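Asker: Provided below for reference: sequence and predicted model.
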Amino acid sequence: MFKENIMEDAIKVSVVMPIYNAGEYLSRAISDVLSQTLKEIELICVDDGSTDNSPDIIERFKKKDPRVLSIRQNNAGPSVARNKGFELVRGKYVIFLDADDMFEPTLLESLYTVSERDSLDVAVTRFDVYNASENKYTLPADEPHSSI
């Protein structure tokens with residue numbers, strides 16, 4: 001279990017998650033962040049006026065893990081939600097994760113390690129596209145009309 005007395009300067013990576021009616025996927029996305037091998041993180045959930053069960057899911061995780069922070073705003077779109085979350089980051093690095101996306105368990109540790117080792121300001125990683133109906137991952141280049 002993560003220690004509750006994490007100090008701000010110990011936060012290596014802040015994850016900002018804009019959320020709007022993502023109840024179907026949200027538990028998985030939050031769990032992916034909290035189960036990262038890098039533990040010195042914070043997750044800033046920005047609820048952009050959800051009308052589904054997203055606020056309840058966020059509250060459930062907040063009660064279990066002090067690394068989860070949340071704010072709620074009137075629906076203003078994902079860009080506004082990302083910017084609001086960005087204003088609150090305390091970590092050395094920041095990454096955005098949409099509420100219907102997933103992280104590999106070592107992603108944050110790998111990006112943090114490379115960024116520190118090479119004194120990077122920005123790190124970029126590849127991603128896969130998950131097709132839920134086929135239960136299959138593909139590279140974006142394999143998808144028609146894919147863009148990064």
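Answerer: Nice, I can see it.

Asker: in the protein, which spans are helices?
Answerer: 23-34, 54-64, 78-86, 107-117 (DSSP state H).

Asker: quick one: which of those is nearest residue 46?
Answerer: helix 78-86 (4.2 Å; C-beta to C-beta). Where C-beta positions appear, they are placed from N, C-alpha and C, glycine not excepted.

Asker: OK, contacts around residue 89?
Answerer: Residues near residue 89 by C-beta atoms under 8 Å, 6 or more residues apart in numbering: 14, 16, 42, 44.

Asker: follow-up on the earlier one: turn the helices of the chain into a markdown table, including distance to residue 134.
Answerer: As requested, the helices of the chain are arranged in a markdown table below (distance: least, C-beta to C-beta, whole Å):
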| stretch | distance to residue 134 |
| --- | --- |
| helix 23-34 | 17 |
| helix 54-64 | 26 |
| helix 78-86 | 26 |
| helix 107-117 | 23 |
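
Asker: which residue packs closest to the residue nearest the centre of the chain, ignoring adjacent ones?
Answerer: Nearest to the mean C-alpha position of the chain, by C-alpha atoms, centre = their mean, lies residue 97 at 3.6 Å. Among residues not flanking residue 97 along the chain, residue 17 sits closest, at 5.1 Å (C-beta to C-beta, 6 or more residues apart in numbering).

Asker: for the one you found, give its distance to residue 77.
Answerer: 15 Å (C-beta to C-beta, to the nearest Å).

Asker: quick check on these two: which one has the bigger neighbour count.
Answerer: residue 17 (26 against 12; other C-beta atoms under 10 Å).

Asker: where does the prediction get shaky in the protein?
Answerer: Where the chain drops to pLDDT under 70, the residues are 1-9, 140-148.

Asker: strands of that one, residue ranges please.
Answerer: Along the chain, counting by DSSP state E, strands occupy 13-19, 41-47, 68-72, 93-96, 129-131, 136-138.

Asker: make CSV out of these and add distance to residue 107.
Answerer: Output for the strands of the chain, formatted as CSV (distance: least, C-beta to C-beta, whole Å):
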stretch, distance to residue 107
strand 13-19, 10
strand 41-47, 11
strand 68-72, 18
strand 93-96, 8
strand 129-131, 15
strand 136-138, 14
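
Asker: out of these, flag the one nearest residue 121.
Answerer: For the strands of the chain, proximity to residue 121 was assessed by C-beta to C-beta; strand 93-96 is nearest, at 9.3 Å.
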